[in-house]
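K.L.:
based on what follows, work out the 3D shape:
(4 chains)
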There are 2 protein chains.
Amino acid sequence: MRATSAGSAPSSPPEPRWLDEREARAWRNLQMMNGLIETALARRLGLRHGLSYPDYRVLVPLSMVEDGRMRVFELCEVTGWEKSRMSHHLHRMGLRGLVETVRCDTDRRGAWIGITADGRRAIEAAAPSHVADVRELFVDLLTGEQLDAIADAAEVVLLNLGASPLPGPRAGDRR
Amino acid sequence: MRATSAGSAPSSPPEPRWLDEREARAWRNLQMMNGLIETALARRLGLRHGLSYPDYRVLVPLSMVEDGRMRVFELCEVTGWEKSRMSHHLHRMGLRGLVETVRCDTDRRGAWIGITADGRRAIEAAAPSHVADVRELFVDLLTGEQLDAIADAAEVVLLNLGASPLPGPRAGDRR
DNA sequence: GACACAAAGTTGAGATGTCAACCAGTCGTC
DNA sequence: GACGACTGGTTGACATCTCAACTTTGTGTC
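P.N.:
Coordinates of the predicted model:
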């Protein structure tokens, strides 16, 4: 898949390039941070507002867009989820009255997902404390340089995966 | 929970401090990267080796420890999982013959979890290509400085949550 | 217009994760 | 040595996620 540093003997597979200490620390700390932050955020959100973290991730873009509705595939792009996962989750949210589905006229395969009044109430109630949690657990612990470093690194990784990161400042604009 | 920049009027709650552009970019890119990397890694692992990503996370520490067995709570610490999740997952792995449970003599509430011969075969087969995947999707895309920045930032976050990050080099040792 | 192929979503089955409640054993303290 | 509190781990009910298969519609291309 990728050339190894040394030409390899004909038969046995080359010894894998294990992670060195520096690489392992970055990778392991990152994974652990992700897991712990997400479960902590999800727990607080559920306790205080009866919303799951996935609910929140869907409601935020819906609440910010012009007329409160988006196509399913747009929600997939924004969240990075598979369409199957999105479909299942939207169904559950529909049962709870947070969103509603309207068939789409211009493309009759498609569906508009609209945020309901209940959904808007829920997200507006939850957002302030959620942002405070994100600050407490992540943003406010780091310097601006650290935040930029993370955003830049993640951007590289996302581009490599064919996803769309939020744009950073143009080179030279920063500082 | 945290002082806001301006003294607030007596009654209504203070306007929340929303994330600015820089903060939002870091947070959103990070979340998206996590999600996409994890699902990509999990898919490859499952396809090629019949192991789930959680399986992998459990088998790695078990395979590296002296006698191939650990207490359940030790596995929880290393992975950052809740004990309930760990218990369920170990049960499923037990059914598939990847680990086995042995009651603990010194503390009779406890249980040793041991990796089986099958478990060891599975992890040894999967590890090389998994590491290659981690390199391809993450490690090899970033510079050493970026990896350190991520590890350092995650360390701060983890300490704040009471978790144990992998130790970084002492200040001054680096470079 | 007919054909093949791609895109948008849904569905069902099964794997995985969460929460709260529980059991059993240990530890501190009086 | 008895009581209460804590620790280690399991369980059941339920929420969520993944994978593969499917339906429906749009988009060339000849």
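K.L.:
which residues in chain A form strands?
P.N.:
A:69-71, A:99-103, A:111-115 (DSSP state E).
K.L.:
adding distance to residue B:136 and mean neighbour count, write those strands out as TSV.
P.N.:
C-beta: built from backbone N, CA, C; applies to glycine. Listed next are the strands of chain A as TSV, based on distance: least, C-beta to C-beta, whole Å; neighbours: other C-beta atoms under 10 Å in any protein chain shown:
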stretch	distance to residue B:136	mean neighbour count
strand A:69-71	32	18
strand A:99-103	37	15
strand A:111-115	34	19
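K.L.:
turn those strands into CSV, including mean pLDDT and distance to DNA strand C.
P.N.:
Output for those, formatted as CSV (pLDDT from 0 to 100; distance: least, C-beta to the nearest atom of the strand, whole Å):
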stretch, mean pLDDT, distance to DNA strand C
strand A:69-71, 97, 4
strand A:99-103, 96, 5
strand A:111-115, 97, 4
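K.L.:
possible to save the ones you listed as CSV with distance to DNA strand D?
P.N.:
Below are those laid out as CSV (distance: least, C-beta to the nearest atom of the strand, whole Å):
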stretch, distance to DNA strand D
strand A:69-71, 13
strand A:99-103, 9
strand A:111-115, 11
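K.L.:
can I get those in TSV with distance to residue B:152?
P.N.:
Output for those, formatted as TSV (distance: least, C-beta to C-beta, whole Å):
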stretch	distance to residue B:152
strand A:69-71	37
strand A:99-103	40
strand A:111-115	39
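K.L.:
what separation do you get for residue A:155 and residue B:26?
P.N.:
Separation of residue A:155 from residue B:26 (C-beta to C-beta, to the nearest Å): 10 Å.
K.L.:
my guess is residue A:55 contacts residue A:94. True?
P.N.:
No. Between residue A:55 and residue A:94 there is no contact, the gap being 11.6 Å when judged by C-beta atoms under 8 Å.
K.L.:
neighbour-wise, which of those two wins?
P.N.:
residue A:55 (24 against 15; other C-beta atoms under 10 Å in any protein chain shown).
K.L.:
and the closest residue to that one other than its chain neighbours, what does it touch?
P.N.:
Distances taken as C-beta to C-beta, 6 or more residues apart in numbering or on different chains put residue A:93 closest to residue A:55, at 6.2 Å, once the chain neighbours are dropped. For residue A:93, the contacting residues are A:55, A:58, A:99, A:119, by C-beta atoms under 8 Å, 6 or more residues apart in numbering or on different chains.
K.L.:
for chain A, give me the ranges with low pLDDT.
P.N.:
Low-confidence segments of chain A (pLDDT under 70): A:1-10, A:170-175.
K.L.:
residues in it within reach of DNA strand C, list them.
P.N.:
Counting by C-beta under 7 Å from any atom of the strand, chain A comes close to DNA strand C at A:39, A:42-43, A:46, A:71-73, A:83-84, A:86-88, A:90-91, A:101, A:104, A:107, A:109-111.
K.L.:
buried subset of these as a PyMOL selection?
P.N.:
Of the residues of chain A next to DNA strand C, the buried ones go into a single PyMOL selection, burial set by 16 or more other C-beta atoms under 10 Å in any protein chain shown:
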select buried, chain A and resi 39+42+72+86+90+111
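K.L.:
beta partners for residue A:111?
P.N.:
Legend: beta-bridge partners of residue A:111 under DSSP bridges are residue A:103.
K.L.:
re earlier: show me which of residue A:155 and residue B:26 is the more surrounded one.
P.N.:
With neighbours defined as other C-beta under 10 Å, residue A:155 and residue B:26 compare such that residue B:26 has more, 27 against 20.
K.L.:
quick one: that one from chain A, how far?
P.N.:
As defined by C-beta to the nearest C-beta, to the nearest Å, residue B:26 lies at a distance of 4 Å from chain A.
K.L.:
quick one: residues contacting that residue.
P.N.:
Contacts of residue B:26 by C-beta under 8 Å, 6+ apart are A:139, A:142, A:147-148, A:150-151, A:154.
K.L.:
of all those, which comes closest to DNA strand D?
P.N.:
Nearest to DNA strand D, judged by C-beta to the nearest atom of the strand, of these is residue A:154 at 18.3 Å.
K.L.:
mind checking how far the residue nearest the centre of chain A is from residue A:87?
P.N.:
For chain A, the residue nearest the mean C-alpha position is residue A:79 (4.9 Å; C-alpha atoms, centre = their mean). Note on residue A:79: its distance to residue A:87, by C-beta to C-beta, is 13 Å.
K.L.:
same question for residue A:72.
P.N.:
According to C-beta to C-beta, residue A:72 and residue A:87 sit 7 Å apart.
K.L.:
and if you look at residue A:55?
P.N.:
Taking C-beta to C-beta, one finds residue A:55 at 15 Å from residue A:87.
K.L.:
check residue A:45 too.
P.N.:
Residue A:45 is 22 Å from residue A:87, by C-beta to C-beta.
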